[in-house]
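**Student:** Please find the sequence and the predicted model below.
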Amino acid sequence: MGMRPVIFRSERMHGEVHLWGALSAILYLYVGATAPTPEAVDGLLLLFCLLCGIYSRVAVLCNARDDRGTLVSILLWAMVFRCILLVAQDSGAAVYSSDVFRYLWEGEVTRAGFNPYLLAPDSELLRGVREGVPAIWASVDHKAIPAIYPPAAQLIFRVIPGEVLCFQIFAVVGDLLLHAMLLFALCRSGQPSGRIIWYSWLPLILLELVRSPHLEALGVPCMVLGLLCFNFARRYVFLWSAVFSVAVMMKYVALIPFGYCALFHLQRTPRLRTVLEMAIPVFIVALLCSYPFRDAGIHIFSALQTYASHWRFNGLIFRALEVFFESMGIHAPAALAKGTALLICVLAFFHLLLRGKEPIEATMRLILISLLLAPVLYPWYLLWVLPLVVLSPASRWGRYVLCLSCTVLLSYEVLRHPDSWELSWGLLLLEYVSPLLFFLFQSRCGALPSKSLVEEP
């Protein structure tokens with residue numbers, strides 16, 4: 001008789017999960033079929049708010065559960081959401097970002113035998129490529145700037161067929177691999193499998209990996225794999241160093257966890273052999289990935305320099321620093337703001353390293369600090385820290401990340417005026433400060449579990 005209330009509560013909880021899952025599926029059906037036109041912005045933002053509200057309810061409901069029924073329900077609906085966004089998107093429902101067309105374009109350029117680091121899309125030498133893929137060419141932005149993505153990313157672009165759906169499928173495969181890694185880590189460490197809900201149902205994940213796919217779908221799993229190799233197989237230095245090297249050659253942000261793990265390990269085993277075990281994989285991976293583009297030389301980084309110098313979007317703290325330094329009459333306020341942000345990031349890096357903070361928690365903090373201080377914070381940049389919330393849910397930083405991952409969707413207000421990529425101060429404050437207030441409220445309530453994947457020393 002004593003088991004009946006427990007069984008009843010479990011069945012009721014599963015029923016509520018299925019109810020919210022069905023409602024979310026209907027909302028994602030609308031999201032997938034709605035083109036991000038200026039006229040549709042209000043409706044899209046409303047859909048995003050509803051999805052985030054449902055996500056918050058179900059996440060709190062499931063995060064401490066460790067039974068098979070809950071896990072199956074979570075993963076079943078997660079797959080339903082992804083399938084809906086794959087099949088519901090018609091040819092007229094454009095993606096939110098043109099990045100995917102840049103991926104496809106650079107893949108076409110590489111397959112045609114040209115070096116994307118040397119030739120911008122509008123180069124006369126690429127006239128034949130443009131005529132072969134007019135639809136992709138028409139959707140490519142910044143046609144005067146050559147490739148910015150690292151060599152491993154270019155090799156991936158080369159093997160993906162020139163269709164948005166193909167890249168979406170690749171993104172979903174990477175997403176599923178990341179799910180497997182997170183579940184393995186939770187199982188290996190004895191943590192509740194229900195924590196996967198924080199990642200699986202998050203609207204930002206679905207919107208930026210499936211609805212509007214990004215390279216993070218392949219780079220983030222490599223970074224997480226490197227962290228897990230370091231956490232569970234630390235003595236195999238060659239292994240995790242090679243995995244991190246691949247992640248860096250996909251996107252340079254992976255330098256943060258790689259550098260931290262390398263110095264963290266050298267603190268404990270300061271030997272020449274350790275240095276060689278880390279350096280050799282770096283050299284091999286960099287050589288293999290860069291060799292097809294060897295003619296570019298230092299020009300591999302030319303577009304990255306342009307991006308760092310001129311891009312601005314959704315960076316509240318950087319924008320505030322720039323305005324402050326400008327009000328003081330400083331000649332180059334942007335340069336000083338960048339220097340200040342870089343100094344803070346470096347100090348945070350060595351502060352965590354000297355304190356002996358474990359790499360998973362440290363990586364989440366360092367990448368988040370870097371993103372908050374950067375001149376550019378596109379919504380999909382947060383994908384680099386979201387899986388780490390699952391692996392370190394006791395962190396108060398993780399609570400802020402989850403809240404910010406919902407409010408950052410407000411930045412799509414910019415779609416209302418596609419020619420002006422500048423958000424108002426009020427919207428930026430709402431986006432950044434409201435998660436902080438919610439975080440303070442949740443800290444008092446203790447909504448997240450207290451045990452992490454890695455126990456602090």
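**Tutor:** Okay, I see it.
**Student:** show me where the stretch 51-200 of the chain has helices.
**Tutor:** Remark: helices assigned in the stretch 51-200 of the chain by DSSP state H, counting those that start in this stretch are 68-87, 99-111, 127-132, 134-139, 151-159, 164-188, 197-200.
**Student:** same check, this time on the stretch 301-450 of the chain
**Tutor:** 302-310, 316-327, 333-355, 359-373, 386-391, 396-407, 425-445.
**Student:** circling back to that earlier point, got the helices of the stretch 51-200 of the chain as JSON lines, with mean neighbour count columns?
**Tutor:** Every C-beta, even on glycine, is put in place using the N, C-alpha and C of the backbone. Output for the helices of the stretch 51-200 of the chain, formatted as JSON lines (neighbours: other C-beta atoms under 10 Å):
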{"stretch": "helix 68-87", "mean neighbour count": "18"}
{"stretch": "helix 99-111", "mean neighbour count": "23"}
{"stretch": "helix 127-132", "mean neighbour count": "14"}
{"stretch": "helix 134-139", "mean neighbour count": "15"}
{"stretch": "helix 151-159", "mean neighbour count": "20"}
{"stretch": "helix 164-188", "mean neighbour count": "18"}
{"stretch": "helix 197-200", "mean neighbour count": "25"}
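**Student:** Now render those as a markdown table, adding distance to C62 and mean pLDDT.
**Tutor:** Below are these laid out as a markdown table (distance: least, C-beta to C-beta, whole Å; pLDDT from 0 to 100):
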| stretch | distance to C62 | mean pLDDT |
| --- | --- | --- |
| helix 68-87 | 6 | 92 |
| helix 99-111 | 31 | 94 |
| helix 127-132 | 48 | 91 |
| helix 134-139 | 38 | 89 |
| helix 151-159 | 33 | 95 |
| helix 164-188 | 13 | 93 |
| helix 197-200 | 5 | 94 |
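**Student:** Just put those in a markdown table and tack on distance to V282.
**Tutor:** What follows is these, written out as a markdown table (distance: least, C-beta to C-beta, whole Å):
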| stretch | distance to V282 |
| --- | --- |
| helix 68-87 | 34 |
| helix 99-111 | 23 |
| helix 127-132 | 33 |
| helix 134-139 | 34 |
| helix 151-159 | 13 |
| helix 164-188 | 22 |
| helix 197-200 | 29 |
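**Student:** Y307 is nearest to which of the ones you listed?
**Tutor:** Closest to Y307 of these, according to C-beta to C-beta: helix 99-111, at 12.1 Å.
**Student:** could you give the angle of that closest one to helix 164-188?
**Tutor:** Angle, helix 99-111 to helix 164-188, by axes from the mean of the first three to the mean of the last three C-alpha atoms, to 10 degrees: 110 degrees.
**Student:** mind checking which of the helices of the stretch 51-200 of the chain is nearest L373?
**Tutor:** The nearest among the helices of the stretch 51-200 of the chain, by C-beta to C-beta, is helix 99-111 at 22.2 Å.
**Student:** Helix 151-159 and that closest one, what's the angle between them?
**Tutor:** Comparing the axes of helix 99-111 and helix 151-159 via the same axes, to 10 degrees yields an angle of 80 degrees.
**Student:** circling back to that earlier point, and E413, which of the helices of the stretch 51-200 of the chain is closest to it?
**Tutor:** With respect to E413, and counting by C-beta to C-beta, the nearest of the helices of the stretch 51-200 of the chain is helix 99-111 at 18.9 Å.
**Student:** follow-up on the earlier one: out of the helices of the stretch 51-200 of the chain, nearest to F232?
**Tutor:** helix 164-188 (6.5 Å).
**Student:** which residues are contacting the closest one?
**Tutor:** Applying C-beta atoms under 8 Å, 6 or more residues apart in numbering, the contact partners of helix 164-188 are 75, 78, 82, 86, 95, 100-101, 103-104, 156, 160, 191-193, 195-196, 199-200, 205, 209-210, 213-214, 217-218, 220-221, 224-225, 228, 231-232, 387, 390-391, 453.
**Student:** Ok, stretch 310-319 next?
**Tutor:** 337-338, 341, 372-378, 408, 411, 414, 421-423, 428-429, 431-432.
**Student:** which helix is the longest one in this protein?
**Tutor:** If you go by DSSP state H, the chain has its longest helix at helix 3-33.
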